[in-house]
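Visitor: next one to model:
(2 chains)
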Amino acid sequence: MGIISRGFSGRRTPTDVKLPPGQYLTTDFPVLSAGPTPHIPLDKWEFVIDDGKNVLRRWDWKSFRDLASENITVDLHCVTRWSKLGTSWEGVSLDTMLADIKTDGSYTLVRSYGDYTTNVPMKDLLNKQAWIAFRYDGQDLAPEHGGPARLLVPHLYLWKSAKWVRGMTLMHEDKPGFWEGLGYHIYGDPWREQRYSGDR
Amino acid sequence: MWRVGTVIAVHDETATARTITLEVPDWPGHVAGQHVDVRLTALDGYSAVRSYSIASAPTSERRVQITVERLPNGEVSPYLTQEVIVGDRLELRGPIGGWFVWRSQQIEPVQLIAGGSGIVPLMAMIRSRASAFSTVPFRLLYSVREPGAVFYRDELRALSAEHRSVIVTYAYTRTVPKGWPRPPGRIDAVLIADSTWPADVGPTCYICGPTPFVESVAELLTASGNDRDRIRTERFGPTGGRK
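Guide: Below you'll find the predicted structure:
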């Protein structure tokens, strides 16, 4: 236990809500981004899966939206310590997008418009754990929240759910993305409180 | 790893914001723009942690300053701005962050744009410039609600009066000082054109403030020809509109 803060009692989360360690509940939807918000016209949007050498799959907005989508309700946990419960999204499962791809790469680097990247192991993208989301709360995804489309991988800290996605590269070895190269954890499991590099 | 800091000074910047100076014997040093996590612990072991931007320049004195704005329904900020007194001990983790930073080796002009308490990490950059004897051209455009909401007022006035120092421009959004030439209002394209470096000198721009403020200013900067790659942002709080 830490040093007692004289006179501090705190404002606790209701005990029937289970949050990852060190998180607090919010009903707002805060935003964390490193630079200006990119605005990508839908007729210029594309999503490309490659293996570092060859393009394996490519979708434009229309062919992407022709894929079967699903409605998802998930909890979000940001490394800046807020958690937001029961958020509603519509998106295409990564199981669908990776279905026809044969690869022995165990890692991915997800790429965004605006040059943001984040690394996610392949096993965390499959089996109904990750989506490319394009609607939030019944409306088209706003640019500041990652529209036209963002990765949604809610079992990891929210920086892994890259905004403004444009593709992913399949890799044999793990390689840090943007925040992972700037002091944040390589994997980012909120339930193990893997916030910063050096956290176990 | 949590470090223990002892409060050695407190100073009220405004009616709702307080600067806390901590002495941290094992502080590893920091870079202007980084933040720290502060942990408070109740008697029964319950703890709450929040991140605060560091306000002070890196120094050798093992001192760290944070300036905390009291949030109306905050859990940690009311304690830090109202309860903490000299001699209290606080737990810290950090410094954290390697993107929204200014290093004294940088030589390009710097444009700082602050909204409200977003001034804090930018002030660390201004102080870092001074303590490193850097002569890099700095400009600050500082948007605040009203004159009484300005942090670091005297220090900014002294700095901007010095030759070849930081050029400071205020933008008041609700109430202006008596005789102020510009009516109250948000930062707009005219103010960007008049009060920031022209894009062709290639400044690195640092914007910090509430999310809608940062969104709007980043758009104005790119519209006036600044390279998106040269604009670094730090946002806090919710997006406007939908909750």
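Visitor: okay, CA-based contacts and neighbour counts for the rest of this
Guide: OK.
Visitor: part of a helix, is B:V49?
Guide: No. Secondary structure assignment places B:V49 outside any helix; it is strand (DSSP: H, G, I helix; E, B strand; the rest coil).
Visitor: who touches it in this structure?
Guide: The contact partners of B:V49, taken as Cα atoms under 8 Å, 6 or more residues apart in numbering or on different chains, are A:22, A:81, B:37-40, B:76.
Visitor: isn't A:W164 right next to A:G147, touching?
Guide: Yes. With contact defined as Cα atoms under 8 Å, A:W164 and A:G147 form a contacting pair (5.7 Å).
Visitor: so the two - more neighbours on which side?
Guide: Ranked by neighbour count (other Cα atoms under 10 Å in any protein chain shown), A:W164 and A:G147 place A:W164 first, with 29 against 22.
Visitor: and B:P238, what pLDDT?
Guide: In this prediction, B:P238 carries a pLDDT score of 60.
Visitor: no, scratch that, I was asking about A:Y116
Guide: According to the model's per-residue confidence, A:Y116 sits at a pLDDT of 93.
Visitor: count of residues packed around it?
Guide: Using other Cα under 10 Å, the number of residues around A:Y116 comes to 18.
Visitor: kindly report the same for B:E23.
Guide: Under the neighbour criterion other Cα under 10 Å, B:E23 is assigned a count of 19.
Visitor: nearest residue to it in space, please, no chain neighbours.
Guide: With sequence-adjacent residues excluded and distances taken as Cα to Cα, 6 or more residues apart in numbering or on different chains, B:E23 is closest to B:R63, at 4.6 Å.
Visitor: Three-state assignment for B:R186, please.
Guide: With three-state DSSP as the criterion, B:R186 reads coil.
Visitor: pretty sure it contacts B:Y172?
Guide: Yes. In this structure, B:R186 is within contact of B:Y172 by Cα under 8 Å, at 7.3 Å.
Visitor: which one of those two has more residues nearby?
Guide: For B:R186 versus B:Y172, neighbours defined as other Cα under 10 Å are more numerous around B:Y172 (23 against 18).
Visitor: circling back: can you tell me which of the contacts of B:V49 has the most neighbours?
Guide: Per-residue neighbour counts (other Cα under 10 Å) across the contacts of B:V49 peak at B:L40, which has 26 neighbours.
Visitor: what sits opposite that residue in the beta ladder?
Guide: On DSSP bridges, the residues paired with B:L40 through beta bridges are B:A48.
Visitor: need the residues of chain A near chain B, please.
Guide: A:1-11, A:22, A:27-37, A:80-81, A:144, A:182-183 (Cα under 8 Å from any Cα of the partner chain).
Visitor: quick one: buried ones out of those residues?
Guide: If you count burial by 16 or more other Cα atoms under 10 Å in any protein chain shown, the buried members of these come out as A:2-6, A:8-10, A:22, A:29-37, A:80-81, A:144, A:183.
Visitor: which residues touch A:G7?
Guide: With contacts taken as Cα under 8 Å, 6+ apart, A:G7 has the following neighbours: B:42, B:83.
Visitor: one more time with 10 Å, if that's ok
Guide: With contacts defined as Cα atoms under 10 Å, 6 or more residues apart in numbering or on different chains, the neighbours of A:G7 are B:41-43, B:79, B:83-84.
Visitor: also within reach of chain A: list those from the residues you listed.
Guide: Judged by Cα under 10 Å from any Cα of the partner chain, the overlap between those and the neighbourhood of chain A comprises B:41-43, B:79, B:83-84.
Visitor: got the contacts of A:G7 as JSON lines, with secondary structure, pLDDT and neighbour count columns?
Guide: As requested, these are arranged in JSON lines below (DSSP: H, G, I helix; E, B strand; the rest coil; pLDDT from 0 to 100; neighbours: other Cα atoms under 10 Å in any protein chain shown):
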{"residue": "B:T41", "secondary structure": "strand", "pLDDT": "96", "neighbour count": "22"}
{"residue": "B:A42", "secondary structure": "coil", "pLDDT": "94", "neighbour count": "18"}
{"residue": "B:L43", "secondary structure": "coil", "pLDDT": "93", "neighbour count": "15"}
{"residue": "B:Y79", "secondary structure": "helix", "pLDDT": "96", "neighbour count": "18"}
{"residue": "B:E83", "secondary structure": "coil", "pLDDT": "95", "neighbour count": "13"}
{"residue": "B:V84", "secondary structure": "coil", "pLDDT": "96", "neighbour count": "21"}
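Visitor: wait, the residue nearest to B:E23 sits on B:S56?
Guide: Yes. Under the criterion of Cα atoms under 10 Å, B:R63 lies in contact with B:S56, with a separation of 8.2 Å.
Visitor: list residues touching both of these two?
Guide: A shared contact of B:R63 and B:S56, defined by Cα under 10 Å, 6+ apart, is any residue touching both; here these are B:T21.
Visitor: am I right that B:T169 falls within a strand?
Guide: Yes. Assessed with three-state DSSP, B:T169 lies in a strand.
Visitor: one step back: now the residue nearest to B:E23: how far from B:A149?
Guide: As defined by Cα to Cα, to the nearest Å, B:R63 lies at a distance of 25 Å from B:A149.
Visitor: more neighbours: which of these two?
Guide: Legend: neighbour count by other Cα under 10 Å for B:R63 and B:A149, higher for B:R63 (21 against 18).
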